[in-house]
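Visitor: predicted model and sequence follow; I will ask about them next.
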Amino acid sequence: MDDNQREFLDSLLETASPSGFEAPSQQVWIEYVSEFADEVRTDDYGNAVAIKEGGEPTVAVAGHGDEIGFMVRDIEDNGYIRMTPIGGSDRTVTKGQHVQIHTDDGPIPGVIGQTAIHLRDREDDTIQDIDEQHVDIGVEDGEEAEELVERGDPITFDQTISELDGGKIAARGLDNRIGIWAAAEGFRRAVEAEPEATVCAVSTVQEELGLQGAKMVGFDLDPDVAVAVDVTHATDEPGAPGSEKTGVELGGGPSIARGSANHPKVVAALREVAETEGIDVQIEATGSRTGTDADAFYTSRSGIPAVNVGVPNRYMHTPVETLDLADLDAAAELLGQFGATADEYEYSVEI
């Protein structure tokens, strides 16, 4: 990963993009892909598509640009702010965290309060639901708070990018700014290879709310094949229960999912590309659903051959999501090489 690619990744991670409020992050993504796309377009909800015109087939490599977060639900008379979750926010990791409330006039800093251990009932280890927790922005009363924030303002953790040993990073929202990074980078590499196929990079919105953006893009773009790149659970950390172990490890390369939404011909094509190019990949079983945009793409219109490529991620939906940058770069290379050779494969199941 060169300096320009890393700067792009950092810019995505530093730009808040909770579901429904993705525009600033989408703009960062559009600025990057515009340098090598024939066309970049957006729809009314902010889904972004970059296109390199070619022949058949049309292949889309897609990530989702939104992250989980919170929203101002109410402002109490005492000035404390009550929250509601955006997406699958985890109530066990929220208390004691720095946050930013994103207002029309700029971010307002705050903290999610946690009563000191000295004052709590130590025999009561109940974890409050998010809607029972509060944000403290330091004001004296509700009137002061309402001058700064309003109901419906989104909230994200105020979290920096940490450089860990061995080429790993930790940050909030790797899910799934790393997916749109890989889609953009894979697109760039495919374009450099002068593909015969039409190649599209996609950054969808509102995946965390039910794959909503992919439903829109799948219908509108109607590609011949779609690859959804997202994070996947690296279950090599001590807390992962045995019943949830998948064999996916950090540093083992991106995963290619099999089963459910994952079209067997697209799976086979990606595995062949990986083998030809010497890209290490891991195979992941998804018996019922992938939980990614692939689930929306494959049921769009009359059915779009789709597959989920995963970048291993520890501690998903926490402020300290962790990945290996080598896995991320390998995912981009896999997408790029697939886009460059997509015209060489068939995507219909033979019955």
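Guide: Yes, it's here.

Visitor: show me where the stretch 201-350 of the chain has its helices.
Guide: 212-221, 264-277, 294-297, 325-341 (DSSP state H, counting those that start in this stretch).

Visitor: which residues of the stretch 1-150 of the chain fall in helices?
Guide: 3-14, 23-33, 142-148.

Visitor: so which of the helices of the stretch 201-350 of the chain comes closest to residue 60?
Guide: helix 212-221 (6.2 Å; C-beta to C-beta). (Glycine included, C-beta is placed from N, CA and C.)

Visitor: residue 6 is nearest to which of the helices of the stretch 201-350 of the chain?
Guide: helix 325-341 (8.4 Å).

Visitor: the closest one vs helix 3-14, what angle?
Guide: 110 degrees (axes from the mean of the first three to the mean of the last three C-alpha atoms, to 10 degrees).

Visitor: so which elements touch helix 325-341?
Guide: strand 55-64, helix 174-192, strand 197-204, strand 225-233, helix 264-277, strand 306-313 (3 or more C-beta pairs under 8 Å, 6 or more residues apart in numbering; DSSP states H and E).

Visitor: for the second one, what is the average pLDDT?
Guide: Helix 174-192 shows a mean pLDDT of 97 in the predicted model.

Visitor: alpha carbons of it, as PDB, please.
Guide: Taking C-alpha atoms only, helix 174-192 is exported to PDB below (Å, rounded to 0.1, in the frame of the first residue of the first chain):
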ATOM      1  CA  LEU A 174     -13.400  -0.500   9.500                       C
ATOM      2  CA  ASP A 175     -16.800  -2.000   8.900                       C
ATOM      3  CA  ASN A 176     -17.000  -1.100   6.100                       C
ATOM      4  CA  ARG A 177     -14.900   1.800   4.900                       C
ATOM      5  CA  ILE A 178     -12.300  -0.800   4.200                       C
ATOM      6  CA  GLY A 179     -14.800  -2.400   1.800                       C
ATOM      7  CA  ILE A 180     -15.200   0.800  -0.200                       C
ATOM      8  CA  TRP A 181     -11.400   1.300  -0.100                       C
ATOM      9  CA  ALA A 182     -11.000  -2.200  -1.600                       C
ATOM     10  CA  ALA A 183     -13.700  -1.600  -4.200                       C
ATOM     11  CA  ALA A 184     -12.100   1.700  -5.300                       C
ATOM     12  CA  GLU A 185      -8.600   0.200  -5.300                       C
ATOM     13  CA  GLY A 186      -9.700  -2.900  -7.100                       C
ATOM     14  CA  PHE A 187     -11.400  -0.700  -9.700                       C
ATOM     15  CA  ARG A 188      -8.300   1.300 -10.200                       C
ATOM     16  CA  ARG A 189      -6.200  -1.800 -10.700                       C
ATOM     17  CA  ALA A 190      -8.700  -3.300 -13.100                       C
ATOM     18  CA  VAL A 191      -8.800   0.000 -15.100                       C
ATOM     19  CA  GLU A 192      -5.000   0.000 -15.400                       C
END
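
Visitor: start at 4, not 1
Guide: New numbering, starting at 4: the last item is helix 177-195.

Visitor: pull out the buried positions in that helix.
Guide: Buried residues in helix 177-195, defined by neighbour count with 16 or more other C-beta atoms under 10 Å: 177-194.

Visitor: equivalent analysis for the third one, please.
Guide: By neighbour count with 16+ other C-beta under 10 Å, strand 200-207 contains the buried residues 200, 201, 202, 203, 204, 205, 206, 207.

Visitor: one more: stretch 261-268?
Guide: 261, 263, 264, 265, 266, 268.

Visitor: closest to residue 145 out of those residues?
Guide: For the buried residues of stretch 261-268, the nearest to residue 145 is residue 264 (46.8 Å; C-beta to C-beta).

Visitor: that closest one contacts residue 292, correct?
Guide: Yes - here residue 264 reaches residue 292: they are 6.8 Å apart, a contact under C-beta atoms under 8 Å.

Visitor: return the most buried member of the helices of the stretch 204-353 of the chain.
Guide: helix 297-300 (a mean of 28; mean count of other C-beta atoms under 10 Å).

Visitor: residue 275 versus the residue nearest to residue 167 when sequence neighbours are not counted, what's the distance?
Guide: Closest residue to residue 167 apart from its sequence neighbours, by C-beta to C-beta, 6 or more residues apart in numbering: residue 173 at 5.8 Å. Distance from residue 173 to residue 275, counting by C-beta to C-beta, to the nearest Å: 34 Å.

Visitor: same thing with residue 150?
Guide: 60 Å.

Visitor: may I ask which of the buried residues of stretch 261-268 comes out lowest in pLDDT?
Guide: Lowest pLDDT among the buried residues of stretch 261-268: residue 263, 88.

Visitor: how is the protein divided into domains?
Guide: 6-70+175-347, 72-160 (automatic domain parsing).

Visitor: comparing these, which comes out most buried?
Guide: domain 6-70+175-347 (a mean of 21).
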